[in-house]
Every structure is written in C-alpha cells, then in structure tokens.
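In: Provided below for reference: sequence and predicted model.
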Amino acid sequence: MKVLHVITGLDMGGAEQQLRLLLRRLPAQCEVVTLTGPGQVAEGIEADGTPVTHLGMSGNHDLTALPRLTRLIRAGRPDLVHTHLYRACVYGRVAARLAGVRTVVATEHSLGDAVIEGRRLTRGVRALYRATERLGAATVAVSDTVAARLRRWGVPEERIHVVPNGIEAHRFAFDPAARALVRARLGLPVDAFVVGGAGRLVPGKRFDVLVRAVTQLPGVHLLLAGEGPERETLRRLAEQFGSGDRIHLLGVRDGAVDTGHGGRAGPAGDGADIPGLLSAIDVFVSPSPEEAFGLAVLEALASGLHVLYGSCPAVDELPQEQAPGARRFSLGVHELATSLRELRREGPGRLAVPPVVRRYDIARSAEALTGVYEQALAAAPARRRRPAPVPAPVVQAHPSGVVALPDPARSPAPSQLSNR
C-alpha cells in the first residue's frame, strides 16, 4: 500500500507529532507533503526515513498550490491520500480527485464547536469543509466528541471513523534524575512547588488564566512550554503582577516522539524536553476550554501527575476511574488558584499511571487507522487509466470571500474554495 500524507505544516504541534508517531508504525510505503513551512517535525520525519516534500505554499490565497499538488500526486501515483489539518484537507481532497486518486482519508484533528485549529468557525469555512469533505472516502475523528461535531455538520455517519490519538507512554514515565536536572538548570529551588503547562500560545488556549492564577500563589513557579503570538502578552502579564521571575516561558519543546538521542534540549540548553518538564513539575494544568482530544493531558497522566483541565475528550468520554488524577475546572482564575493551593498543601506526590494511558497507545491507533485504509480502498472504484489533465484554476471573487475552482467531478460547474 502506497500512502501520501498531506499536512498543512510540520512545525511543532499535536497533529504534526501524531503524524510522525503513526508513520513509524503504519504498514505502508509513506511519503509526506507539507503545504507550508516544514519545521522541526519535518526534520524528525526525514530522520526516521520518510521523505518530506515542501510545496512552498505562501498562504491561504496561494491557489497555485493546487495544480502543483495535483501534479505531485499524479507523479507519485499513491493508492491513497491521507490529509491532515484544515487547509491540507481542502486542497488535498480537490488535488487528489483531479489527479485521479479516488481514495482520500482525512483526519480531523482540531475541530471545536466554535473554532477549528484555533480560528473562529465562519459560515464560509463550514460550507467549504462540507463541500470538500464529499470528495473524500472517509473522515477520521480523533474522539467521539469530534465525531459528534462532524455529524452535526452533516457528514454522513458511514464516512466517519473514530481513531483516537495515541502516545508512547513509556516516554513520559516519571524520572527523578530528570526532575533534579531540569530544576537545577532552570534555577528552581529543590523544594519549590512547580506548575506546568504546554501548548500553542494562542488566545484560545487561555494560558492567561494559568499565568494569573500562579501570580496569586507566592513562591509557586510555572513552567510553560510552547510558542505563539501570545508569548509576549503572557510575559508582560507576569511582570505586571510582579511574578516575572516565577513564570518561565520555555519556548518550543520536543518530546512527544522519541528522537533516539535522548530528546532535544530547549533554546537555553536546559534539557527540559516535554518528558523532562513533566518530571520536573508537581501538577499539570491545561486551561483550554475546547479540545478535540487532549494529548497534553494524557502525557501528563502518563507521568503520574495530578491534572487540572478545561477540556479533554480523551478523559471526559470515559468513566472517572479511568483517570482518577484528572479534574475538570471551569476556567476561573480564582477557582484554579484555589485548586493549586489545595494541591500544594496536600503535597500531591506522584500517582500510579491510570488506565486511560494504556487505552490510548499509539500502536492501537496505527492498527485502527490501517483498518480504515483497507476499508476505503476496498470500496474505491478502480483507478482510471489516464487521469484527466489538471485544469487551470479559475478564480472568481465573491463578497463572502469565496473563490470558485473547477469541480473535478462535474466540470464545468464550480466547487467553492474559501480563503481561510
């Protein structure tokens, strides 16, 4: 089986790291195309032995990417195209159909009720998603919560497959030596109570709630891993409350995938990759009010941590005994500060790794995804002998911001492609 994966970008992120994990386990000949910047994860995927092609897409309005992607798919002649993230799903489905590949599987990693990949869902985005989804053979939801959202959008039940995300749990096991090393290199007192968080620093993740809560707790430190447009805002917020020396913004951290050489140190050489970060802290907080799965929470539970979270379908969809160390909070600063104060007073220590962690093993995810591939291929029509030539895109402006492209299925009637 030959599979071409198309993803919007390959910088550090949950969907990107998940793709790398899956590529190591899928029983298929795989290649990857990234529409935009390749980033750190692309380097890791190539180091693992999977070729990565950078399409060089300059932005959402770069419609020249469509014929380029179509030609690439046609030249590679994959049996199946698998798309990841919104822009890649839109362009990838259309390009695959134009190239004569009828079997397209798309994974929906980041669909929320009001946002997708951190951006607000508009009527145009929904319309485009539904129009291009019809060009695919199957849509994979990473949780039952996402599957329910897809059904509400009108995606047919028979095309929805739930394949949860997965992790390599052993990567996040508590390591006392890593705890001591990271704390020493960051200048943290040995007995300090340390809170942790990780994710893209964007408004929708609500890390401002976490920063504000920690500023109310004298002597408590925060280690926050991630990059994004909110970084400077969070830094100023910490300084405004006189807590700049206790709020540590660590930048991008590796660790969701075993690099084979002990992980990657942070920019300052402090050694705090994600597993090291989790060993160094006492409680993990994920303040995001809307998640599609909740990988960061799962990784923290694999480290034996108490976790406070705003949204985590991976936990919420299971009985409470599956994750006894995880507790949901309503995103209030006072509520979070109170919970952290109580945990500090109790001296939480490390918990046994809960059953939920074993449930979401990456090997099981790869096996389930392979089943989706096989089912989609079995139902697909035979490949055409001579794929139709790629028509030049016809761009037409609309008040809604929608542009018209040739419909690969019913030319000359146009399908709509939105500029997100």
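Out: Arrived safely. Because the structure is a prediction, the values reported are computed rather than measured. Numbering: from 1, shown residues only.
In: and the strands in the stretch 151-300 of the chain, which stretches?
Out: Taking DSSP state E, counting those that start in this stretch as the test, the strands found in the stretch 151-300 of the chain are 160-162, 194-198, 221-225, 247-251, 283-286.
In: would a markdown table of these with mean neighbour count, mean pLDDT and distance to Arg328 be doable?
Out: Every C-beta, even on glycine, is put in place using the N, C-alpha and C of the backbone. Below are the strands of the stretch 151-300 of the chain laid out as a markdown table (neighbours: other CB atoms under 10 Å; pLDDT from 0 to 100; distance: least, CB to CB, whole Å):
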| stretch | mean neighbour count | mean pLDDT | distance to Arg328 |
| --- | --- | --- | --- |
| strand 160-162 | 17 | 97 | 22 |
| strand 194-198 | 26 | 97 | 16 |
| strand 221-225 | 25 | 97 | 20 |
| strand 247-251 | 20 | 95 | 24 |
| strand 283-286 | 26 | 98 | 10 |
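In: what does the domain assignment say about this protein?
Out: The chain resolves into domains spanning 2-166+363-418, 169-360 when parsed by automatic domain parsing.
In: among those domains, which gets the worst mean confidence?
Out: Here the lowest mean pLDDT among the domains of the chain goes to domain 2-166+363-418, at a mean of 83.
In: now it, how far from the centre of its chain.
Out: 14 Å (CA atoms, centre = their mean, to the nearest Å).
In: kindly report the same for stretch 212-228.
Out: Its chain's C-alpha centre lies 23 Å from the corresponding centre of stretch 212-228 when counted by CA atoms, centre = their mean.
In: contact partners for His248?
Out: Leu186, His221, Leu222, Leu223, Leu224 (CB atoms under 8 Å, 6 or more residues apart in numbering).
In: likewise for Tyr360?
Out: By CB under 8 Å, 6+ apart, Tyr360 lies in contact with Pro164, Asn165, Gly166, Ile167, Leu298, Ala314.
In: just the buried residues of the residues you listed.
Out: The neighbour-count test (16 or more other CB atoms under 10 Å) marks Pro164, Asn165, Gly166, Ile167, Leu298, Ala314 as buried among the contacts of Tyr360.
In: in helices only, show me those residues.
Out: Among the buried ones among the contacts of Tyr360, the members falling in helices (DSSP state H) are Leu298, Ala314.
In: output the contacts of Tyr360 as CSV; include the columns distance to Gln375.
Out: Putting the contacts of Tyr360 into CSV (distance: CB to CB, whole Å) gives the following:
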residue, distance to Gln375
Pro164, 17
Asn165, 20
Gly166, 19
Ile167, 25
Leu298, 27
Ala314, 24
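In: from those residues, which single one is nearest Leu21?
Out: Closest to Leu21 out of the contacts of Tyr360 is Gly166 (6.8 Å), distances taken as CB to CB.
In: pretty sure that closest one is touching Ile362, no?
Out: Yes. Between Gly166 and Ile362 there is a contact under CB atoms under 8 Å: 3.4 Å.
In: residues shared between the contacts of the two?
Out: Residues touching both Gly166 and Ile362 (CB under 8 Å, 6+ apart): Leu21.
In: picking up where we left off before, quick one: which of the contacts of Tyr360 is nearest Asp62?
Out: Of all those, Asp62 sits closest to Asn165, with 29.3 Å by CB to CB.
In: ok, now which ones touch that closest one?
Out: Asn165 is in contact with Gly14, Gln18, Val142, Ser143, Phe293, Leu295, Leu298, Ala314, Tyr360, Ser365, counting by CB under 8 Å, 6+ apart.
In: gap between it and Arg328?
Out: The spacing between Asn165 and Arg328, counted by CB to CB, to the nearest Å, is 19 Å.
In: got it, and Arg358?
Out: Applying CB to CB, the value for Arg358 to Arg328 is 21 Å.
In: please apply the same query to Thr83.
Out: 32 Å.
In: of these two, who's got more company?
Out: Neighbour totals were compared for Thr83 and Arg328, and Thr83 leads with 30 against 14 (other CB atoms under 10 Å).
In: how is the more buried one classified with respect to secondary structure?
Out: Of the three states, Thr83 takes strand according to DSSP: H, G, I helix; E, B strand; the rest coil.
In: send over stretch 77-96 as CSV, restricted to the C-alpha atoms.
Out: Taking C-alpha atoms only, stretch 77-96 is exported to CSV below (Å, rounded to 0.1, in the frame of the first residue of the first chain):
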residue,chain,number,x,y,z
ARG,A,77,0.6,7.5,-8.0
PRO,A,78,-0.3,6.7,-4.4
ASP,A,79,-3.0,4.2,-3.6
LEU,A,80,-4.4,6.5,-1.0
VAL,A,81,-4.0,10.2,0.0
HIS,A,82,-4.4,11.0,3.7
THR,A,83,-4.9,14.7,4.6
HIS,A,84,-4.3,16.3,8.0
LEU,A,85,-5.5,19.8,9.2
TYR,A,86,-8.0,22.1,7.6
ARG,A,87,-6.1,23.7,4.7
ALA,A,88,-4.5,20.4,3.7
CYS,A,89,-7.8,18.7,3.8
VAL,A,90,-9.4,21.3,1.5
TYR,A,91,-6.6,21.4,-1.1
GLY,A,92,-5.6,17.8,-0.7
ARG,A,93,-9.1,16.4,-1.4
VAL,A,94,-9.5,18.5,-4.5
ALA,A,95,-6.0,17.8,-5.8
ALA,A,96,-6.3,14.1,-5.3
